[in-house]
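Trainee: Here is my input, please return the structure:
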Amino acid sequence: MSAKGMGLELPRATVGMSRWRRFRAAVDWPLIGTMLALCGCGLLNLYSATRGVRHHAKFDTQVQWMIVGAIGFVVVTVIDYRAIVRLAWIGLGIAFMALILARLTGRPASGDTHGVTYRWLNIGGMGIQPSELVKLMTILVLARVFAQGEQAHYTARMLALRFVALVGPMVLIAAQPDLGTAVLLFLIVVTVGFLAMPSVWPMVYMTTAALLAVPILWEKLHDYQKDRILGFIDCNSVPGHAMDHDLLNNCWHTQQSIYAVGSGKVWGKGFLEGTQNMFNFVPEHWTDFPYSVWGEEWGFVGSVFLLAIFAFLLVWILNVALSARDRIGAVICIGVAAMTFWHVAVNVAMVLGLAPVVGVTLPFISYGGSSLVTFFLAMGLVANVSLRKHGY
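Mentor: Modelled structure (predicted):
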């Protein structure tokens, strides 16, 4: 017989302590530990990439954004993810309006040499990228679309209309221009669609239609975007061939990045000892090319170690998806895993010359507040799903 059945009541402090212990046991510590490990690697790498007079403030700014992201992680973890998903379409609408506002008030990005870009909103002196918010809202919308209770009422035509609604933000992002983020959004939608839909054929039709539209989309690209893609093809078609001036400019980022990674050899040159990094041969090595800095200083062993941390993170997120208490939670985790995987895959492929140069960050490693906070919030959603499987 319980203490309550015998007419005895446990002290409130004891009950509160019991609940706290249950909550502490339910917290996803492996996820948090992996995030902290990546943040530590990111700060170490950023310190090396930005030391000096010109960029030293970036390190302090990144630390501040990490604090903001950590607070956001806690907030998103505490609020029931099912309540968040109910507001998914509203959130996507707000993100869409933010993209339009950025379009109307666009300002040149730092170091931009291709005219005005429309990627940033200036809020309280801080630059915010609405496209990062779109990624999260897209994942939440997909979770709602593929929810067990709602999906039964969706015909193929209704699902197609909802996917068309997701195309609007992609078009605006591509027009900023930000081709990398637009492609990433498409890859997230396709990945979740193939894994979450009962039948893959609707996704096959939509993917085929998107591929058939590539020639039309090609004509809409800016000249510098075409040059980057063609330069990537030319640089990899005949290795070591003599390049003209224009081709050399298009290949500069990739070639210097490959030199940096290759010069690290097995064990690396050592922390703060990378010459490609030290003399700024690799452009934007704190944002788009941080993996080249890491590879040069920590070598093949360090590079594999960093990728192993990302691999563990992805496997753990998928493990949370498999143990989620409902379909909504599973789809959220699949979406976050897809976003993380494609960010890592595209960024590392870009650094190694296996993909064209696009503005895709390396999660928790690249400098940038919008991307960093987005991934903190995304991991908060995963921690939320993990916590609720214990009944919270």
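
Trainee: What residue, apart from its backbone neighbours, is nearest Gln276 spatially?
Mentor: Leaving out its chain neighbours, the residue that sits closest to Gln276 by CB to CB, 6 or more residues apart in numbering is Ala260, at 3.7 Å. (C-beta placed from N, C-alpha, C; glycine too.)

Trainee: got the contact list for that neighbour?
Mentor: With contacts defined as CB atoms under 8 Å, 6 or more residues apart in numbering, the neighbours of Ala260 are 274, 276-277, 281-282, 285, 289, 292-293, 295-296.

Trainee: same thing but 10 Å
Mentor: 269, 274-277, 281-282, 285, 289, 291-297, 351 (CB atoms under 10 Å, 6 or more residues apart in numbering).

Trainee: ok, now Leu140?
Mentor: 81, 84-89, 91-92, 328, 331-332, 335, 381.

Trainee: For Trp201, state which of these is nearest.
Mentor: Each of the contacts of Leu140 was checked against Trp201 using CB to CB; the closest is Val331, at 19.0 Å.

Trainee: which SSE is that closest one in?
Mentor: Assigned by DSSP states H and E, Val331 falls within helix 327-351.

Trainee: what helices or strands is that helix leaning on?
Mentor: Judged by 3 or more CB pairs under 10 Å, 6 or more residues apart in numbering; DSSP states H and E, the packing partners of helix 327-351 are helix 81-86, helix 130-145, helix 148-151, helix 179-196, helix 245-263, helix 290-322, helix 369-388.

Trainee: avg pLDDT for that helix?
Mentor: Taken as a whole, helix 327-351 has a mean pLDDT of 95.

Trainee: Show me which residues of it are buried.
Mentor: Applying a neighbour-count criterion of 16 or more other CB atoms under 10 Å, one finds 327-344, 346-348, 350-351 buried in helix 327-351.

Trainee: How far away from the center of its chain is that helix?
Mentor: 7 Å (CA atoms, centre = their mean, to the nearest Å).

Trainee: Stretch 296-315 too?
Mentor: Chain-centre distance of stretch 296-315: 17 Å, with CA atoms, centre = their mean.

Trainee: Now do the buried residues in that stretch.
Mentor: 296-299, 302-303, 306, 310, 313-314.

Trainee: Report pLDDT for Val171.
Mentor: 85.

Trainee: Please renumber the chain so that the first residue is 11 from this point on.
Mentor: Understood, numbering begins at 11; the last thing we discussed is Val181.

Trainee: Report pLDDT for Asp70.
Mentor: 90.

Trainee: Now do the contacts for it.
Mentor: Neighbouring residues of Asp70 by CB under 10 Å, 6+ apart: Thr60.

Trainee: Give the helix, strand or coil label for it.
Mentor: Secondary structure, DSSP: H, G, I helix; E, B strand; the rest coil: Asp70 is helix.

Trainee: Surely Gln186 forms part of a strand?
Mentor: No: according to three-state DSSP, Gln186 belongs to no strand; its state is coil.

Trainee: and Ile138, what are its phi and psi?
Mentor: The phi/psi pair for Ile138 (degrees, to the nearest 10) reads phi -120, psi 130.

Trainee: In contact with it: list those residues for me.
Mentor: The contact partners of Ile138, taken as CB under 10 Å, 6+ apart, are 108, 112, 129-132, 379-380, 383.

Trainee: swap the cut-off to 8 Å and go again
Mentor: Each residue near Ile138 by CB under 8 Å, 6+ apart is listed here: 130-132, 379-380.

Trainee: And it, how far from Ile226?
Mentor: Applying CB to CB, to the nearest Å, the value for Ile138 to Ile226 is 31 Å.

Trainee: Is Gly280 in contact with Glu307, as I believe?
Mentor: Yes: counting by CB atoms under 8 Å, Glu307 is a contact partner of Gly280 at 6.3 Å.

Trainee: which residues are common contacts for the two?
Mentor: In contact with both Gly280 and Glu307: no residue, using CB under 8 Å, 6+ apart.

Trainee: what residues does stretch 300-309 touch?
Mentor: 51-52, 55-56, 58-59, 266-267, 270-271, 273-287, 292, 295-296, 312-313, 315-316, 357-358, 361, 372, 375-377.

Trainee: Please, a ChimeraX command that selects the buried ones among the contacts of Leu150?
Mentor: ChimeraX command restricting the contacts of Leu150 to the buried ones, with burial defined by 16+ other CB under 10 Å:
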select :91,94,95,98,99,101,102,338,341,342,345,391
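
Trainee: Turn the contacts of Leu150 into TSV, including distance to Ala36.
Mentor: Shown next, in TSV, are the contacts of Leu150 (distance: CB to CB, whole Å):
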residue	distance to Ala36
Tyr91	14
Ile94	18
Val95	20
Arg96	23
Leu97	24
Ala98	25
Trp99	30
Gly101	26
Leu102	30
Ile338	19
Val341	21
Ile342	17
Gly345	22
Leu391	16
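
Trainee: Quick check: the gap between the residue lying closest to Ile89 once chain neighbours are set aside and Trp99.
Mentor: With CB to CB, 6+ apart as the criterion, Ile89 has its nearest non-adjacent residue at 7.3 Å, and that residue is Asn394. Counting by CB to CB, the gap from Asn394 to Trp99 is 19 Å.
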